[in-house]
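> Build me a model:
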Amino acid sequence: MWKTILRRILIMIPELIILSILVFLLAKAMPGDPFTGSINPRASQAQIHHLMQIHGLYDPWYQQYWNWVVHLFHGDLGMSYEYQEPVVDLIKQRGANTLWLALFTMVLTYLIGLPLGIYAGRHEGKFQDTLVRVYTYVTMSIPFFVVLVIGIWIFGYALNWFPTSGSISAQASGLGETLISRLGHIILPGLLGALFGTVNIVQYLRSEVIDAKHSDYVRTARSKGVPMKDIYRHHIFRNSLLPIAAFAGYSITGLLGGSIFTEMVFSYPGMGLLFLNAINYRDYTVITALVLLYGFLNLMGTLLSDIALSIVDPRVRVE
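Below you'll find the model as predicted:
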């Protein structure tokens, strides 16, 4: 198993290299430049060209890429043209906010999705199952950003239950108030994100429970007089929940990438909003760093999911 993990990690290296080259070239191919509009509007073209030359943006792409890789191995992702801060510091600041939101959303997703999926599968074809299926179909049919806008209008403006922007209230002081304020800012976006994130889990788990109910080992257990509640507890639920462990790796790494829609609607200062602003401002260093980070998180999610599945399910053997 450890050899396989090491081999998977080694395979990730050329994948990340290819990804970094493609992202670097695509960022450089974007129209415009990072200085127009970010400096004095009355600056002349000569001043802009001078800044481009100072930052090496007129060098051949391969030379720019090599310089970027050298700095990357020294822990330097460059300086943001728009924010005039090191990209590493920006990612640390925004990454912490995204981590809070991602963990909260993932916990809610599993707390809602697991019981609903099991409940629907256990009551297959009944009214309870129909209600859960209607919930999943309605959730899938409505665009996510529409739900975000409606949610922020109802609970943020009409009822004024939750804050509508930011990550911490400016009036918060002390550790206790800061934690309460941070929690208050992530409840609404986290809940709305979790309601959409539960759809796949509910549908998958419902199908697994239904398949397990009609399997041979369940029929054998029932023929031996084993109570149905024991069959559900020791056989159906256990076997149905095992593949869900594989979703955990994808879930956390995907959420850490940041939800652009959620952070944009709620003006939540996370990595998703940082990425969107970087595109608007042609902030090449931030774009390249974030896309490379997203690619790394996606590869790590795949690896973590495979490892988790092989650990929790003894039937899976990594050769």
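> quick one: residue 219 from residue 141, how far?
Here the criterion is Cβ to Cβ, to the nearest Å. By it, residue 219 lies 37 Å from residue 141. From N, CA and C alone the C-beta is placed, and that goes for glycine too.
> So between those two, which is more surrounded?
Legend: neighbour count by other Cβ atoms under 10 Å for residue 219 and residue 141, higher for residue 219 (12 against 7).
> Now residue 205: closest residue in space that isn't a chain neighbour?
Ranked by Cβ to Cβ, 6 or more residues apart in numbering and with sequence neighbours excluded, the top spatial neighbour of residue 205 is residue 117, at 2.9 Å.
> buried set for the strand or helix carrying that neighbour?
In this assignment (DSSP states H and E), residue 117 forms part of helix 87-122. Buried positions in helix 87-122, judged by neighbour count with 16 or more other Cβ atoms under 10 Å: 87, 90-91, 94-95, 97-102, 104-106, 108-110, 112-114, 116-122.
> Now the element after it, going C-ward?
helix 127-141.
> starting at the chain centroid, how far to that next one?
Computed by Cα atoms, centre = their mean, to the nearest Å, the chain-centroid distance of helix 127-141 equals 24 Å.
> by contact count, what packs against it?
On a contact count with 3 or more Cβ pairs under 8 Å, 6 or more residues apart in numbering; DSSP states H and E, helix 127-141 meets helix 87-122, helix 174-213.
> now the ones you listed in TSV, with mean pLDDT and distance to residue 129?
Compiled in TSV, those are given as follows (pLDDT from 0 to 100; distance: least, Cβ to Cβ, whole Å):
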stretch	mean pLDDT	distance to residue 129
helix 87-122	87	5
helix 174-213	83	8
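> Out of those helices, which is closest to residue 166?
Distance to residue 166, taken as Cβ to Cβ, is lowest for helix 174-213 among those, at 6.1 Å.
> so what secondary structure elements neighbour that closest one?
Helices and strands touching helix 174-213, by 3+ Cβ pairs under 8 Å, 6+ apart, are helix 87-122, helix 127-141, helix 144-151, helix 237-241, helix 245-256, helix 260-265.
> want to throw those helices into CSV with distance to residue 10?
Below are those laid out as CSV (distance: least, Cβ to Cβ, whole Å):
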stretch, distance to residue 10
helix 87-122, 25
helix 127-141, 38
helix 144-151, 37
helix 237-241, 32
helix 245-256, 19
helix 260-265, 32
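> right, so of those, which gets closest to residue 186?
In terms of Cβ to Cβ, the element of these nearest to residue 186 is helix 87-122, at 5.0 Å.
> a helix runs through residue 294, doesn't it?
Yes: remark: residue 294 belongs to a helix, assigned using DSSP: H, G, I helix; E, B strand; the rest coil.
> Let me know the pLDDT of it.
We have a pLDDT of 83 for residue 294.
> Below-threshold pLDDT in this protein: ranges please.
Along the chain, segments meeting pLDDT under 70 span 1-2, 4, 31-45, 47-58, 170, 242-243, 245-258, 310-319.
> Apply 50 and report the result again.
Applying pLDDT under 50 to the chain flags residues 318.
> before we move on, the earlier item: list the helices and strands the helix holding residue 117 packs on?
Based on contacts counted as 3+ Cβ pairs under 8 Å, 6+ apart, the elements that helix 87-122 packs against are helix 127-141, helix 174-213, helix 237-241, helix 245-256, helix 271-280, helix 284-312.
> The helices and strands packed on helix 174-213: which one's closest to residue 77?
Set against residue 77 and scored by Cβ to Cβ, the helices and strands packed on helix 174-213 come closest in helix 87-122, at 3.9 Å.
> Return the distance of that closest one from the chain's centre.
Chain-centre distance of helix 87-122: 8 Å, with Cα atoms, centre = their mean.
> for stretch 143-161, same thing?
Relative to the centre of its chain, stretch 143-161 is centred 21 Å away, using Cα atoms, centre = their mean.
> swap in stretch 230-239?
31 Å.
> Can I get that stretch in CSV? Just the C-alpha atoms.
Output of stretch 230-239 as CSV, limited to C-alpha atoms (Å, rounded to 0.1, in the frame of the first residue of the first chain):
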residue,chain,number,x,y,z
ASP,A,230,-30.1,-5.8,13.3
ILE,A,231,-29.8,-6.4,9.6
TYR,A,232,-29.9,-2.7,8.9
ARG,A,233,-27.4,-1.9,11.6
HIS,A,234,-24.8,-4.5,11.0
HIS,A,235,-25.1,-5.2,7.3
ILE,A,236,-27.0,-2.7,5.2
PHE,A,237,-25.9,0.6,6.8
ARG,A,238,-22.3,-0.5,7.3
ASN,A,239,-21.8,-1.7,3.8
